[in-house]
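# I'd like to go over a predicted model; first the sequence, then the structure.
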Amino acid sequence: MRPDGGATSHPPRRRPQRPFRRNAARLAAGVAAALALLLTIAPAAHAHVSVGAPSATAGGYTVLTFRVPTESDTARTVGVDVHLPADTPLLSVRVKPVDGWDARLVETELPEPVEAPHGGTVTHAVTEIVWTATGEGLGPEEFGEFEASVGPLPDVEVLFFPTVQTYSDGTEVSWVEQADEGVEAEHPAPRLEISPASGDEHGHAEASAQPTAQAAATSDPSGDTAADWTTGLAVAALVASLVALGLAVNGLARSRSRP
């Protein structure tokens with residue numbers, strides 16, 4: 001009672017803030033985890049060696065562009081060893097000069113002779129291209145593109161190009177797993193899809209072998225399907241977390257506004 005006899009008024013009790021703080025901390029941790037997933041998985045998914053080629057058609061000629069990123073944080077890429085198919089050999093192989101790199105063509109005897117496009121048989125073919133850095137090579141956060149004009153392409157659906165990447169510290173990474181389309185492999189070999197022959201590949205052989213490096217890179221038929229799929233998962237996780245955050249924040253705000 002107050003001295004004047006009136007009733008004593010008490011200030012309204014404030015609701016405890018612990019649940020709000022605890023839930024906010026959990027939401028922040030969830031969003032942070034989603035961001036970490038996006039920033040770590042998505043870039044790594046695109047870090048493997050890949051191959052691209054415009055107008056890759058059975059019986060025709062094209063320019064293969066091998067895109068090689070450096071994954072190491074300390075070492076530099078100093079060697080790129082690409083293996084060409086021996087069971088369906090490419091009878092014409094020419095490399096484009098790359099500043100700071102030497103290229104060596106390795107010719108071997110074929111398991112079985114194959115018919116040449118203009119008659120006769122061929123018993124030897126280039127089955128390996130070895131690029132070796134003459135300078136510092138490719139540093140961390142860098143990538144290089146190595147081109148080779150090849151043909152005629154065999155009448156197959158897919159060609160794999162197993163590749164060994166060598167670093168300045170002696171480490172070798174073998175990109176040799178021949179995974180199916182849509183299947184994620186830890187070290188996938190560069191994969192090239194080939195379109196069926198349309199009947200006029202020979203007449204356009206020379207023209208199709210002249211695209212620029214930019215065209216080869218932008219028309220990469222390898223698609224990095226598995227990498228895109230992995231990145232999609234990361235993005236989906238981030239979006240779901242952000243939606244959950246918005247809903248939860250709205251709910252918490254409404255709970256705080258209650259008497």
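Okay, I see it. Numbers count the residues shown, from 1 in each chain.
# Tyr61: how many residues sit nearby?
Counted by other C-beta atoms under 10 Å, the residues lying close to Tyr61 total 25. The C-beta positions use only the backbone N, C-alpha and C, and glycine is treated the same way.
# give me the helix or strand of this structure that scores worst on average pLDDT.
helix 213-218 (a mean of 36; mean pLDDT, DSSP states H and E).
# which stretches of the stretch 1-150 of the chain have low pLDDT?
Screening the stretch 1-150 of the chain residue by residue with the criterion pLDDT under 70, one finds the ranges 1-46.
# so where do the strands sit in it?
50-52, 62-69, 77-83, 92-95, 101-115, 121-133, 143-151 (DSSP state E, counting those that start in this stretch).
# can you add mean neighbour count and distance to Arg191 and give those back as JSON lines?
Rendered in JSON lines, the data for the strands of the stretch 1-150 of the chain read as follows (neighbours: other C-beta atoms under 10 Å; distance: least, C-beta to C-beta, whole Å):
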{"stretch": "strand 50-52", "mean neighbour count": "25", "distance to Arg191": "7"}
{"stretch": "strand 62-69", "mean neighbour count": "23", "distance to Arg191": "12"}
{"stretch": "strand 77-83", "mean neighbour count": "21", "distance to Arg191": "13"}
{"stretch": "strand 92-95", "mean neighbour count": "18", "distance to Arg191": "19"}
{"stretch": "strand 101-115", "mean neighbour count": "13", "distance to Arg191": "21"}
{"stretch": "strand 121-133", "mean neighbour count": "17", "distance to Arg191": "17"}
{"stretch": "strand 143-151", "mean neighbour count": "20", "distance to Arg191": "15"}
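# for Ile194, find the nearest of those strands.
Set against Ile194 and scored by C-beta to C-beta, the strands of the stretch 1-150 of the chain come closest in strand 62-69, at 9.2 Å.
# which helices and strands does that closest one pack with?
Contacting strand 62-69 under the criterion 3 or more C-beta pairs under 8 Å, 6 or more residues apart in numbering; DSSP states H and E are the following elements: strand 50-52, strand 77-83, strand 143-151, strand 163-167, helix 213-218.
# nearest to Glu128, out of these?
Across these, Glu128 has its closest neighbour in strand 77-83 (5.5 Å, C-beta to C-beta).
# returning to that earlier point: okay, the helices and strands packed on strand 62-69 in TSV with distance to Phe66 next?
Putting the helices and strands packed on strand 62-69 into TSV (distance: least, C-beta to C-beta, whole Å) gives the following:
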stretch	distance to Phe66
strand 50-52	5
strand 77-83	6
strand 143-151	5
strand 163-167	7
helix 213-218	9
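# wait, which of those is closest to Lys96?
For the helices and strands packed on strand 62-69, distance to Lys96 was read as C-beta to C-beta. The smallest value, 4.0 Å, belongs to strand 143-151.
# for Thr70, which of the helices and strands packed on strand 62-69 is the nearest?
strand 77-83 (4.6 Å).
# distance of Ala75 from Thr127?
Between Ala75 and Thr127 the computed distance is 28 Å (C-beta to C-beta, to the nearest Å).
# and if you look at Arg104?
The span separating Arg104 from Thr127 equals 12 Å under the rule C-beta to C-beta.
# and for Asp87?
When C-beta to C-beta is the yardstick, Asp87 and Thr127 sit 10 Å from each other.
# same question for Asp155.
Applying C-beta to C-beta to Asp155 and Thr127 gives a distance of 19 Å.
# contacting residues for the nearest residue to Val51 once chain neighbours are set aside?
Leaving out its chain neighbours, the residue that sits closest to Val51 by C-beta to C-beta, 6 or more residues apart in numbering is Pro190, at 3.7 Å. When contacts are counted by C-beta atoms under 8 Å, 6 or more residues apart in numbering, Pro190 touches Val49, Ser50, Val51, Phe66, Val82, Phe160, Phe161, Pro162, Thr163, Trp175, Ser222.
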